[in-house]
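Trainee: here's my sequence, what's the structure:
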Amino acid sequence: MKIILVLFAVVSLILPLSLPAQEISLSLESAIDSALVNNQKIKQQEEVVLQKEYLNKASIGNFLPSIDLFAGYTYLSDNPEFDTEKIKESIDDMFGDYGAVMAKRLELSPWTQQMIHDEIVAGLSTLPAYKLEIDQQTYKNANLVVTQPIFLGGELWAGKKFAQAELDLANEGLHKTRNEIINSTTQQYLSVILLEKVVDLRKKALAGMEKHESQAERAIKIGVIAPPEIIRAQVAVANAERNLEDAQNELSLAISALRATLSLPAYMHLLLTDSLSFRDVQLNLTEMKELALAENSILKEIDHKQKIADQAFAVKRAKFLPQIVAIGEYNLIRENYPIVLPRYSLGVQLELNLFHGMKKINELKSVKHLTKEVEVAKQYAEDEIMLLTEELFYKTENSKTRYLKLKPTVELAKKNLDINETRFREGLGKSIDVIDAELLFQAASIERLLSLYNYYTSLSCLFITVGQPARVIEILKK
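Mentor: Take a look at the predicted model:
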């Protein structure tokens, strides 16, 4: 058995490695669609919604009658007895009354009637009390009981609204989870695009440094520059190789994270089709704040929690009101008893608790403070959402401004690099000037790319905050 398990584990590890690499083209929209279908966190939240849907359906059953079958078998160690000692005096007096009534019917005098009564009572009093034994030790019972709530102080409606509010909360939780997955997928997708561009820049930088190294070697051979100049070029090449390797590792990690979010196998090669190009989006802070107050998932969740707390308060309050139910009982086995029970019985019962050790009052007060807690939490959340919206708005605007203003910086850095390379080839410049110019150009280019990436990631977070996660997809599609 152990050998089989080991073989299975080995096959499980080797099989993905032996499968041919498959390439899949992914736009941002298709990546998000795949994440929404395959992501495990969303599937988990969908199960929560299904749970609440069935609980909501179950709450409807509280309005309908419940029908229960009670059946059993009872064995008594001895035959039951009916002891007349406690009621013998009353029985004796009853027979005396019967004798008096018969004397009255025979039109005897009242004195005679009383005499007959007294004689019968006196005679019976001399007799001992009897214990009447019922010759039956086993009893079967089978009853159908129907219970229909009539008025429970509003508890039924409160329970139904409570279940509906929990379902709405679960749906909002699913919506929030979807938004989070959309945001994380968007940011991971953009990260891969960014890092692919960074890797390209690092490759070009390495190629430029290697070219400069070879030029420096030729310049040393013809005596244009001193031999120590080659060391700077070699150091620059080593740094460029290290930077390229770091960028490639970061790209691999970003691809793995995106693949995990999409629940794709490791042998699946991703080809991203969308590009990281600038799209100018005009934003209005006041409009963003209004949208956030109306559409933010966190605020909507708090609204549903407020409804849940209100209905919990209504349920506790209902315990102070009368509970009225109608009950019907049908006896399926009745001839098996010494006293034949009626076929069925119908009735209405009222229950009103008068005192329960202050338990219900304290529970009611507790739930009341829960509603106040939710109110305070909502106010705090609104303030935080407003602050977050403003922060993301300015972060987006700053990233956009930075990206636009870095364009001439990158262009000037490229011109500076071209000039220094030309001067070095002509023997008028130094190696360190070329290296510094290359590093300056790379830094400016990457900084501009990073500004564009921050622009879109901030924009994505902002649209998630205002409840419009799909707008980033529409912007990139344009």
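Trainee: hey, where'd the strands end up in this structure?
Mentor: Using DSSP state E, the strands of the chain run over 22-26, 66-75, 81-83, 131-133, 138-151, 268-272, 323-331, 344-351.
Trainee: so what strands line up beside the fourth one?
Mentor: Counting by DSSP bridges, the strands paired with strand 131-133 are strand 81-83 (antiparallel).
Trainee: also the last one?
Mentor: Here the strand partners of strand 344-351, with direction, are listed using DSSP bridges: strand 323-331 (antiparallel).
Trainee: report the rounded mean pLDDT for the partner strand.
Mentor: The pLDDT scores in strand 323-331 average 90.
Trainee: so where's the protein uncertain?
Mentor: Within the chain, the stretches with pLDDT under 70 are 1-21, 222-226, 228-229, 429, 478.
Trainee: give the buried residues for stretch 97-110.
Mentor: By neighbour count on 16 or more other Cβ atoms under 10 Å, the buried set for stretch 97-110 is 99-100, 103. Every C-beta, even on glycine, is put in place using the N, C-alpha and C of the backbone.
Trainee: which one of those is nearest to Arg317?
Mentor: Closest approach between the buried residues of stretch 97-110 and Arg317, by Cβ to Cβ: Ala100, at 60.3 Å.
Trainee: what residues does the residue lying closest to Asp168 once chain neighbours are set aside make contact with?
Mentor: What sits nearest to Asp168 in space, not counting adjacent residues and going by Cβ to Cβ, 6 or more residues apart in numbering, is His304, at 4.9 Å. By Cβ atoms under 8 Å, 6 or more residues apart in numbering, the residues touching His304 are 165-166, 168-169, 172.
Trainee: hang on, isn't Arg232 packed against Asp433?
Mentor: No - shown here, Arg232 and Asp433 do not form a contact pair, counting by Cβ atoms under 8 Å, at 10.1 Å.
Trainee: next, count neighbours for the closest residue to Lys197 other than its chain neighbours.
Mentor: Distances taken as Cβ to Cβ, 6+ apart put Leu449 closest to Lys197, at 5.5 Å, once the chain neighbours are dropped. By other Cβ atoms under 10 Å, 20 other residues sit near Leu449.
Trainee: correct me, but Leu449 touches Val198?
Mentor: Yes - Leu449 lies in contact with Val198 (Cβ under 8 Å); the separation is 6.6 Å.
Trainee: returning to that earlier point: Asp33: which of the strands of the chain is closest?
Mentor: Taking Cβ to Cβ, strand 22-26 is the member of the strands of the chain nearest to Asp33, at 9.8 Å.
Trainee: in the closest one, what counts as buried?
Mentor: Within strand 22-26, the residues scored as buried using 16+ other Cβ under 10 Å are Leu26.
Trainee: run the chain-centre distance for that strand.
Mentor: Strand 22-26 has its C-alpha centroid displaced from the chain centroid by 32 Å (Cα atoms, centre = their mean, to the nearest Å).
Trainee: quick one: contacts for Asn416?
Mentor: Contacts of Asn416 by Cβ under 8 Å, 6+ apart are 437, 440-441.
Trainee: swap in 6 Å and give it another go.
Mentor: Contacts for Asn416 (Cβ atoms under 6 Å, 6 or more residues apart in numbering) come out as Ala437.
Trainee: can I assume Asn79 is in contact with Glu133?
Mentor: Yes - judged on Cβ atoms under 6 Å, Asn79 makes contact with Glu133 at a distance of 5.2 Å.
Trainee: leaving out sequence neighbours, find the closest residue to Val198.
Mentor: In space, and not counting its chain neighbours, Val198 is closest to Ala247: 4.9 Å by Cβ to Cβ, 6+ apart.
Trainee: hmm, that neighbour is touching Lys197, no?
Mentor: No - applying Cβ under 6 Å, one finds Ala247 not in contact with Lys197, separated by 9.7 Å.
Trainee: what's around Gln379, how many residues?
Mentor: So Gln379, with other Cβ under 10 Å, has 11 neighbours.
Trainee: what's the end-to-end length of stretch 131-147?
Mentor: End-to-end distance for stretch 131-147, by Cα to Cα, to the nearest Å: 39 Å.
Trainee: picking that back up, quick check: the residue nearest to Val198 vs Leu350, distance?
Mentor: Going from Ala247 to Leu350 by Cβ to Cβ, to the nearest Å gives 78 Å.
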